[in-house]
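Participant: quick one, fold the following:
(one chain, ligands or ions: 2)
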Amino acid sequence: MRVLITGSNGLLGQKLIARLHAEEGVELIATSRGANKLAKLYPAVRFVQLDVTDQTQVEQVLMQEQPTHLIHTAAMTNVDECELNQADCWKQNVTAVENLVAVCERQQVHLVHVSTDFIFDGKEGPLTEEAVPAPVNFYGKSKLAAEQAVQRSRGPWAIVRTVLVYGVAHEYGRTNLVLWVRDSLRAQQPIQVVDDQLRTPTLAEDLAQGCWLAALYNASGIYHVSGQEVLTPFQMALRVADFFQLDSRLISRVDASTFSQPAKRPLRTGFIIDKAQRELGYAPHSLEQGMALVAQQAG
Ligand SMILES: NC(=O)C1=CN([C@@H]2O[C@H](COP(=O)(O)OP(=O)(O)OC[C@H]3O[C@@H](n4cnc5c(N)ncnc54)[C@H](OP(=O)(O)O)[C@@H]3O)[C@@H](O)[C@H]2O)C=CC1
Ligand SMILES: Cc1cn([C@H]2C[C@H](O)[C@@H](COP(=O)(O)OP(=O)(O)O[C@H]3O[C@@H](C)C(=O)[C@@H](O)[C@H]3O)O2)c(=O)[nH]c1=O
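Facilitator: Ligands and ions are numbered 1, 2, ... in the order given. From the prediction side, this is the model:
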(Lines give C-alpha, C1' and ligand atoms only; values in the text may rest on other atoms or scores of the structure.)
(Ligands and ions follow the chains in the order given, each with its own letter.)
Protein backbone atom coordinates (compact mmCIF):
# COMPACT_ATOMS: atom_id res chain seq x y z
CA MET A 1 0.00 0.00 0.00
CA ARG A 2 1.17 3.53 -0.75
CA VAL A 3 -0.69 5.70 1.75
CA LEU A 4 -0.73 9.47 1.34
CA ILE A 5 -1.80 11.59 4.32
CA THR A 6 -2.99 15.20 3.90
CA GLY A 7 -2.64 17.60 6.84
CA SER A 8 0.26 15.67 8.39
CA ASN A 9 1.08 18.59 10.71
CA GLY A 10 -2.38 18.49 12.32
CA LEU A 11 -3.43 16.45 15.36
CA LEU A 12 -4.88 13.50 13.43
CA GLY A 13 -2.23 13.79 10.70
CA GLN A 14 0.56 13.47 13.26
CA LYS A 15 -1.07 10.45 14.90
CA LEU A 16 -1.43 8.76 11.50
CA ILE A 17 2.27 9.27 10.77
CA ALA A 18 3.12 7.88 14.24
CA ARG A 19 0.84 4.87 13.65
CA LEU A 20 1.97 4.05 10.11
CA HIS A 21 5.63 5.06 9.84
CA ALA A 22 6.83 1.59 10.78
CA GLU A 23 3.86 -0.42 9.47
CA GLU A 24 5.04 -3.32 7.36
CA GLY A 25 3.87 -3.23 3.76
CA VAL A 26 3.07 0.49 3.90
CA GLU A 27 4.92 3.18 2.00
CA LEU A 28 3.92 6.40 3.67
CA ILE A 29 3.79 9.87 2.11
CA ALA A 30 3.19 12.73 4.54
CA THR A 31 1.90 16.00 3.06
CA SER A 32 1.17 19.39 4.58
CA ARG A 33 0.86 22.93 3.31
CA GLY A 34 3.59 24.17 5.68
CA ALA A 35 7.06 22.88 6.54
CA ASN A 36 7.19 19.34 7.94
CA LYS A 37 6.86 19.51 11.76
CA LEU A 38 7.72 15.82 12.07
CA ALA A 39 11.01 15.93 10.15
CA LYS A 40 13.11 15.30 13.27
CA LEU A 41 10.75 12.74 14.82
CA TYR A 42 10.35 10.62 11.69
CA PRO A 43 13.27 11.46 9.38
CA ALA A 44 12.67 8.37 7.24
CA VAL A 45 9.11 9.34 6.30
CA ARG A 46 8.80 10.84 2.83
CA PHE A 47 7.36 14.37 2.96
CA VAL A 48 5.91 16.44 0.13
CA GLN A 49 4.46 19.92 0.52
CA LEU A 50 0.82 20.04 -0.60
CA ASP A 51 -1.82 22.73 -0.31
CA VAL A 52 -5.00 20.81 -1.01
CA THR A 53 -6.85 23.90 -2.22
CA ASP A 54 -4.48 24.13 -5.20
CA GLN A 55 -5.88 21.83 -7.88
CA THR A 56 -2.69 21.80 -9.96
CA GLN A 57 -0.61 20.83 -6.95
CA VAL A 58 -3.08 18.08 -6.04
CA GLU A 59 -2.89 16.67 -9.57
CA GLN A 60 0.91 16.88 -9.70
CA VAL A 61 1.52 15.34 -6.28
CA LEU A 62 -0.90 12.46 -6.79
CA MET A 63 0.48 11.79 -10.28
CA GLN A 64 4.05 11.83 -8.97
CA GLU A 65 3.42 9.82 -5.78
CA GLN A 66 0.91 7.31 -7.19
CA PRO A 67 -0.74 6.49 -3.84
CA THR A 68 -3.10 3.53 -3.62
CA HIS A 69 -4.79 5.07 -0.55
CA LEU A 70 -5.29 8.64 0.62
CA ILE A 71 -6.40 9.68 4.10
CA HIS A 72 -7.65 13.27 4.00
CA THR A 73 -7.32 14.95 7.40
CA ALA A 74 -6.57 18.54 6.32
CA ALA A 75 -9.34 21.02 7.06
CA MET A 76 -10.15 24.38 8.58
CA THR A 77 -11.13 23.18 12.05
CA ASN A 78 -11.61 26.40 14.02
CA VAL A 79 -15.40 26.44 14.09
CA ASP A 80 -15.75 30.14 14.99
CA GLU A 81 -13.23 31.16 12.33
CA CYS A 82 -15.24 29.19 9.78
CA GLU A 83 -18.32 31.20 10.73
CA LEU A 84 -16.43 34.48 10.36
CA ASN A 85 -14.45 33.62 7.19
CA GLN A 86 -16.91 31.58 5.20
CA ALA A 87 -15.19 31.88 1.81
CA ASP A 88 -11.94 30.63 3.30
CA CYS A 89 -13.74 27.80 5.10
CA TRP A 90 -15.47 26.68 1.90
CA LYS A 91 -12.16 26.68 0.03
CA GLN A 92 -10.33 24.61 2.68
CA ASN A 93 -13.17 22.24 3.50
CA VAL A 94 -15.12 21.82 0.25
CA THR A 95 -13.08 22.97 -2.78
CA ALA A 96 -10.09 21.00 -1.50
CA VAL A 97 -12.20 17.84 -1.24
CA GLU A 98 -13.58 18.35 -4.75
CA ASN A 99 -9.97 18.60 -5.99
CA LEU A 100 -8.98 15.39 -4.22
CA VAL A 101 -12.09 13.49 -5.30
CA ALA A 102 -11.49 14.35 -8.97
CA VAL A 103 -7.96 12.97 -8.95
CA CYS A 104 -8.70 9.99 -6.68
CA GLU A 105 -11.56 9.03 -9.00
CA ARG A 106 -9.34 9.26 -12.08
CA GLN A 107 -6.50 7.28 -10.47
CA GLN A 108 -8.84 4.93 -8.53
CA VAL A 109 -7.18 5.85 -5.23
CA HIS A 110 -9.10 4.66 -2.15
CA LEU A 111 -10.08 7.86 -0.32
CA VAL A 112 -10.74 8.02 3.42
CA HIS A 113 -12.37 11.36 4.16
CA VAL A 114 -12.63 12.59 7.76
CA SER A 115 -15.87 14.28 8.83
CA THR A 116 -17.62 15.44 11.98
CA ASP A 117 -20.59 15.24 14.35
CA PHE A 118 -21.13 18.94 13.55
CA ILE A 119 -23.04 17.96 10.37
CA PHE A 120 -25.94 17.16 12.77
CA ASP A 121 -28.33 19.58 14.45
CA GLY A 122 -27.80 18.32 18.00
CA LYS A 123 -31.47 17.61 18.72
CA GLU A 124 -30.71 13.97 19.54
CA GLY A 125 -27.64 11.89 20.21
CA PRO A 126 -25.81 9.55 20.19
CA LEU A 127 -26.26 9.00 16.46
CA THR A 128 -25.85 6.16 13.96
CA GLU A 129 -24.56 6.53 10.41
CA GLU A 130 -28.19 6.67 9.19
CA ALA A 131 -29.08 9.86 11.09
CA VAL A 132 -30.13 12.75 8.84
CA PRO A 133 -27.64 15.66 8.73
CA ALA A 134 -28.83 19.24 9.37
CA PRO A 135 -25.86 21.45 10.29
CA VAL A 136 -26.36 24.48 12.57
CA ASN A 137 -23.13 26.31 11.70
CA PHE A 138 -21.00 27.06 8.66
CA TYR A 139 -18.24 24.61 9.55
CA GLY A 140 -20.89 21.85 9.69
CA LYS A 141 -22.36 23.00 6.36
CA SER A 142 -18.94 22.91 4.72
CA LYS A 143 -18.16 19.44 6.09
CA LEU A 144 -21.56 18.15 4.90
CA ALA A 145 -20.95 19.57 1.40
CA ALA A 146 -17.55 17.84 1.46
CA GLU A 147 -19.18 14.51 2.37
CA GLN A 148 -21.60 14.94 -0.52
CA ALA A 149 -18.70 15.57 -2.92
CA VAL A 150 -17.05 12.34 -1.69
CA GLN A 151 -20.31 10.40 -2.03
CA ARG A 152 -20.68 11.50 -5.66
CA SER A 153 -17.31 9.93 -6.49
CA ARG A 154 -17.21 6.89 -8.73
CA GLY A 155 -13.93 5.89 -7.14
CA PRO A 156 -13.53 3.88 -3.90
CA TRP A 157 -14.25 5.92 -0.74
CA ALA A 158 -15.07 5.78 2.95
CA ILE A 159 -16.16 8.61 5.24
CA VAL A 160 -14.97 8.45 8.85
CA ARG A 161 -16.95 10.78 11.11
CA THR A 162 -15.65 11.66 14.55
CA VAL A 163 -16.35 13.75 17.69
CA LEU A 164 -14.41 16.10 20.00
CA VAL A 165 -10.88 14.78 19.50
CA TYR A 166 -8.25 15.04 22.25
CA GLY A 167 -4.56 14.23 22.39
CA VAL A 168 -1.05 15.59 22.38
CA ALA A 169 0.72 16.76 19.23
CA HIS A 170 4.18 18.11 18.44
CA GLU A 171 4.65 21.90 17.87
CA TYR A 172 0.89 22.25 17.78
CA GLY A 173 -1.04 25.48 18.36
CA ARG A 174 -4.59 24.26 18.90
CA THR A 175 -5.71 22.93 22.28
CA ASN A 176 -8.44 20.44 23.16
CA LEU A 177 -10.75 19.82 26.08
CA VAL A 178 -8.50 17.46 28.08
CA LEU A 179 -5.37 19.62 27.77
CA TRP A 180 -7.30 22.87 28.32
CA VAL A 181 -8.89 21.60 31.54
CA ARG A 182 -5.66 20.06 32.83
CA ASP A 183 -3.57 23.16 32.07
CA SER A 184 -6.15 25.63 33.45
CA LEU A 185 -6.47 23.69 36.72
CA ARG A 186 -2.71 23.33 37.01
CA ALA A 187 -2.49 27.14 36.72
CA GLN A 188 -5.22 27.48 39.43
CA GLN A 189 -7.41 29.18 36.84
CA PRO A 190 -11.20 28.83 37.29
CA ILE A 191 -13.05 27.54 34.21
CA GLN A 192 -16.66 27.37 33.10
CA VAL A 193 -17.58 24.13 31.39
CA VAL A 194 -20.84 23.27 29.68
CA ASP A 195 -23.07 20.55 31.04
CA ASP A 196 -25.81 20.52 28.42
CA GLN A 197 -23.81 19.27 25.42
CA LEU A 198 -23.46 15.53 24.87
CA ARG A 199 -20.39 14.11 23.15
CA THR A 200 -18.43 10.86 22.78
CA PRO A 201 -14.89 12.26 23.13
CA THR A 202 -12.28 10.63 20.93
CA LEU A 203 -8.63 9.89 21.61
CA ALA A 204 -6.63 11.06 18.56
CA GLU A 205 -4.78 7.72 18.45
CA ASP A 206 -8.11 5.86 18.25
CA LEU A 207 -9.26 8.06 15.39
CA ALA A 208 -5.99 7.42 13.54
CA GLN A 209 -6.48 3.69 14.03
CA GLY A 210 -10.08 3.94 12.74
CA CYS A 211 -8.91 5.78 9.61
CA TRP A 212 -6.14 3.26 9.08
CA LEU A 213 -8.55 0.31 9.40
CA ALA A 214 -10.88 1.94 6.86
CA ALA A 215 -7.98 2.21 4.40
CA LEU A 216 -6.56 -1.25 5.17
CA TYR A 217 -9.89 -2.97 4.53
CA ASN A 218 -10.79 -0.73 1.56
CA ALA A 219 -13.95 0.10 3.51
CA SER A 220 -16.86 1.59 1.62
CA GLY A 221 -19.50 3.93 3.05
CA ILE A 222 -19.85 5.93 6.25
CA TYR A 223 -18.35 4.94 9.63
CA HIS A 224 -18.81 6.56 13.03
CA VAL A 225 -15.45 6.42 14.81
CA SER A 226 -15.29 8.00 18.28
CA GLY A 227 -14.96 7.13 21.95
CA GLN A 228 -17.70 5.00 23.43
CA GLU A 229 -18.63 6.99 26.56
CA VAL A 230 -21.40 9.59 26.26
CA LEU A 231 -20.36 12.55 28.41
CA THR A 232 -20.95 16.27 28.79
CA PRO A 233 -17.84 18.48 28.67
CA PHE A 234 -18.48 19.22 32.38
CA GLN A 235 -18.44 15.50 33.22
CA MET A 236 -15.26 15.16 31.18
CA ALA A 237 -13.67 18.06 33.04
CA LEU A 238 -14.41 16.39 36.41
CA ARG A 239 -12.81 13.18 35.16
CA VAL A 240 -9.74 15.14 34.00
CA ALA A 241 -9.45 16.82 37.43
CA ASP A 242 -9.77 13.46 39.13
CA PHE A 243 -7.26 11.72 36.87
CA PHE A 244 -4.59 14.42 37.14
CA GLN A 245 -5.40 15.00 40.87
CA LEU A 246 -6.29 18.65 40.40
CA ASP A 247 -8.78 20.90 42.20
CA SER A 248 -12.24 20.28 40.71
CA ARG A 249 -13.67 23.21 42.71
CA LEU A 250 -12.20 25.45 40.00
CA ILE A 251 -14.69 23.99 37.51
CA SER A 252 -18.09 25.73 37.27
CA ARG A 253 -20.96 24.10 35.54
CA VAL A 254 -22.68 26.27 32.90
CA ASP A 255 -25.12 25.96 30.00
CA ALA A 256 -23.95 26.44 26.43
CA SER A 257 -26.34 29.42 26.22
CA THR A 258 -24.02 31.37 28.57
CA PHE A 259 -21.39 31.49 25.78
CA SER A 260 -21.70 33.99 22.97
CA GLN A 261 -19.52 32.31 20.36
CA PRO A 262 -19.78 33.35 16.68
CA ALA A 263 -20.81 29.80 15.69
CA LYS A 264 -23.68 27.88 17.28
CA ARG A 265 -22.77 24.35 18.45
CA PRO A 266 -25.10 21.33 18.20
CA LEU A 267 -26.22 20.37 21.72
CA ARG A 268 -26.45 16.60 21.69
CA THR A 269 -24.28 14.56 19.38
CA GLY A 270 -22.02 11.63 20.18
CA PHE A 271 -21.84 8.50 18.08
CA ILE A 272 -22.97 4.90 18.17
CA ILE A 273 -19.88 3.08 16.91
CA ASP A 274 -21.27 -0.47 16.49
CA LYS A 275 -20.68 -0.50 12.72
CA ALA A 276 -16.98 0.41 13.01
CA GLN A 277 -16.54 -2.14 15.81
CA ARG A 278 -18.28 -4.87 13.85
CA GLU A 279 -16.91 -4.23 10.36
CA LEU A 280 -13.46 -2.78 11.05
CA GLY A 281 -12.60 -4.28 14.44
CA TYR A 282 -12.33 -0.74 15.84
CA ALA A 283 -11.87 -0.81 19.64
CA PRO A 284 -11.45 2.59 21.31
CA HIS A 285 -9.75 3.27 24.65
CA SER A 286 -11.73 4.48 27.66
CA LEU A 287 -11.33 8.14 28.69
CA GLU A 288 -9.08 7.07 31.60
CA GLN A 289 -6.87 5.03 29.25
CA GLY A 290 -6.76 8.00 26.86
CA MET A 291 -5.77 10.39 29.63
CA ALA A 292 -3.06 7.98 30.74
CA LEU A 293 -1.61 8.17 27.23
CA VAL A 294 -1.87 11.96 27.28
CA ALA A 295 -0.07 12.03 30.65
CA GLN A 296 2.68 9.79 29.32
CA GLN A 297 3.19 11.95 26.22
CA ALA A 298 2.81 15.38 27.78
CA GLY A 299 4.53 14.79 31.09
N1 LIG B 1 -10.45 18.12 16.28
C2 LIG B 1 -11.69 17.73 16.45
O3 LIG B 1 -12.27 17.81 17.55
C4 LIG B 1 -12.45 17.15 15.30
C5 LIG B 1 -11.93 17.08 14.02
N6 LIG B 1 -12.69 16.57 12.99
C7 LIG B 1 -12.14 16.48 11.64
O8 LIG B 1 -10.97 15.68 11.70
C9 LIG B 1 -10.03 16.12 10.74
C10 LIG B 1 -8.69 16.33 11.41
O11 LIG B 1 -8.81 17.28 12.43
P12 LIG B 1 -7.61 17.73 13.35
O13 LIG B 1 -6.42 16.89 13.08
O14 LIG B 1 -8.12 17.84 14.73
O15 LIG B 1 -7.38 19.19 12.79
P16 LIG B 1 -6.10 20.15 12.94
O17 LIG B 1 -6.63 21.53 12.91
O18 LIG B 1 -5.25 19.70 14.04
O19 LIG B 1 -5.31 19.84 11.59
C20 LIG B 1 -5.78 20.19 10.35
C21 LIG B 1 -4.58 20.37 9.46
O22 LIG B 1 -5.04 20.71 8.15
C23 LIG B 1 -4.09 21.54 7.60
N24 LIG B 1 -4.64 22.30 6.48
C25 LIG B 1 -5.59 23.24 6.50
N26 LIG B 1 -5.78 23.72 5.28
C27 LIG B 1 -4.91 23.07 4.47
C28 LIG B 1 -4.61 23.13 3.09
N29 LIG B 1 -5.23 24.00 2.29
N30 LIG B 1 -3.68 22.31 2.57
C31 LIG B 1 -3.03 21.44 3.38
N32 LIG B 1 -3.25 21.36 4.70
C33 LIG B 1 -4.18 22.16 5.24
C34 LIG B 1 -3.67 22.46 8.74
O35 LIG B 1 -2.43 23.02 8.39
P36 LIG B 1 -1.67 24.11 9.28
O37 LIG B 1 -0.96 23.27 10.32
O38 LIG B 1 -0.76 24.73 8.29
O39 LIG B 1 -2.73 25.01 9.82
C40 LIG B 1 -3.63 21.50 9.91
O41 LIG B 1 -2.35 20.99 10.12
C42 LIG B 1 -10.62 17.36 10.09
O43 LIG B 1 -11.19 16.98 8.86
C44 LIG B 1 -11.69 17.80 11.06
O45 LIG B 1 -12.75 18.46 10.37
C46 LIG B 1 -13.94 16.08 13.18
C47 LIG B 1 -14.51 16.13 14.44
C48 LIG B 1 -13.80 16.63 15.59
C1 LIG C 1 -13.66 27.20 25.41
C2 LIG C 1 -14.66 26.37 26.19
C3 LIG C 1 -15.10 25.17 25.69
N4 LIG C 1 -15.99 24.41 26.37
C5 LIG C 1 -16.43 23.12 25.82
C6 LIG C 1 -17.48 23.24 24.77
C7 LIG C 1 -17.10 22.23 23.73
O8 LIG C 1 -17.88 21.08 23.81
C9 LIG C 1 -15.69 21.83 24.03
C10 LIG C 1 -14.70 22.15 22.94
O11 LIG C 1 -14.85 23.49 22.57
P12 LIG C 1 -14.08 24.14 21.33
O13 LIG C 1 -14.66 25.48 21.09
O14 LIG C 1 -12.63 23.98 21.53
O15 LIG C 1 -14.37 23.19 20.17
P16 LIG C 1 -15.62 23.02 19.27
O17 LIG C 1 -15.49 23.89 18.12
O18 LIG C 1 -16.90 23.11 19.98
O19 LIG C 1 -15.28 21.52 18.96
C20 LIG C 1 -15.37 20.93 17.71
O21 LIG C 1 -14.24 20.93 16.93
C22 LIG C 1 -14.60 20.64 15.59
C23 LIG C 1 -13.40 20.70 14.70
C24 LIG C 1 -15.43 19.43 15.44
O25 LIG C 1 -15.54 18.87 14.35
C26 LIG C 1 -16.30 18.97 16.56
O27 LIG C 1 -16.43 17.59 16.67
C28 LIG C 1 -16.03 19.61 17.87
O29 LIG C 1 -15.68 18.85 18.91
O30 LIG C 1 -15.33 22.48 25.23
C31 LIG C 1 -16.47 24.83 27.60
O32 LIG C 1 -17.29 24.13 28.21
N33 LIG C 1 -16.06 26.02 28.11
C34 LIG C 1 -15.16 26.82 27.45
O35 LIG C 1 -14.79 27.92 27.97
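Participant: tell me, how many residues neighbour Ala87?
Facilitator: 8 (other CB atoms under 10 Å). From N, CA and C alone the C-beta is placed, and that goes for glycine too.
Participant: repeat for the one 3 residues further on
Facilitator: Here the number of neighbours of Trp90 (other CB under 10 Å) works out to 19.
Participant: next one: the one 4 residues further on
Facilitator: Residue crowding around Val94 was assessed by other CB under 10 Å; the count is 21.
Participant: find the nearest non-adjacent residue to it, please.
Facilitator: Counting by CB to CB, 6 or more residues apart in numbering, Ala145 is the residue found nearest to Val94 once chain neighbours are left out, at 4.7 Å.
Participant: from Val168, how far off is that neighbour?
Facilitator: Ala145 sits 31 Å away from Val168, going by CB to CB, to the nearest Å.
Participant: related to what we said a few turns ago, which residues are in contact with the residue nearest to Val94?
Facilitator: Contacts for Ala145 (CB atoms under 8 Å, 6 or more residues apart in numbering) come out as Trp90, Asn93, Val94.
Participant: closest to ligand 2 among these?
Facilitator: Asn93 (10.3 Å; CB to the nearest ligand atom).
Participant: for that closest one, give me its contacts.
Facilitator: So Asn93 contacts Ala75, Met76, Cys82, Tyr139, Ser142, Lys143, Ala145, Ala146 (CB under 8 Å, 6+ apart).
Participant: mind running it again at 6 Å?
Facilitator: Neighbouring residues of Asn93 by CB atoms under 6 Å, 6 or more residues apart in numbering: Ala75, Met76, Ser142, Lys143, Ala146.
Participant: got a winner among those for most neighbours?
Facilitator: That'd be Lys143 among the contacts of Asn93, by other CB under 10 Å, with 30 neighbours.
Participant: surely that one meets Ser115?
Facilitator: Yes - judged on CB atoms under 6 Å, Lys143 makes contact with Ser115 at a distance of 5.3 Å.
Participant: near ligand 1, which residues of this protein show up?
Facilitator: 6-7, 9-13, 32-34, 51-53, 73-77, 92, 96, 114, 116, 143, 162-165, 174 (CB under 6 Å from any ligand atom).
Participant: if any of those are buried, give me the PyMOL selection for them.
Facilitator: Typed into PyMOL, the line below selects the buried ones among these, using 16 or more other CB atoms under 10 Å:
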select buried, resi 6+7+9+10+11+12+13+32+33+51+52+53+73+74+75+76+77+92+96+114+116+143+162+163+164+165
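Participant: quick one: Val48 is in a strand?
Facilitator: Yes - counting by DSSP: H, G, I helix; E, B strand; the rest coil, Val48 is found in a strand.
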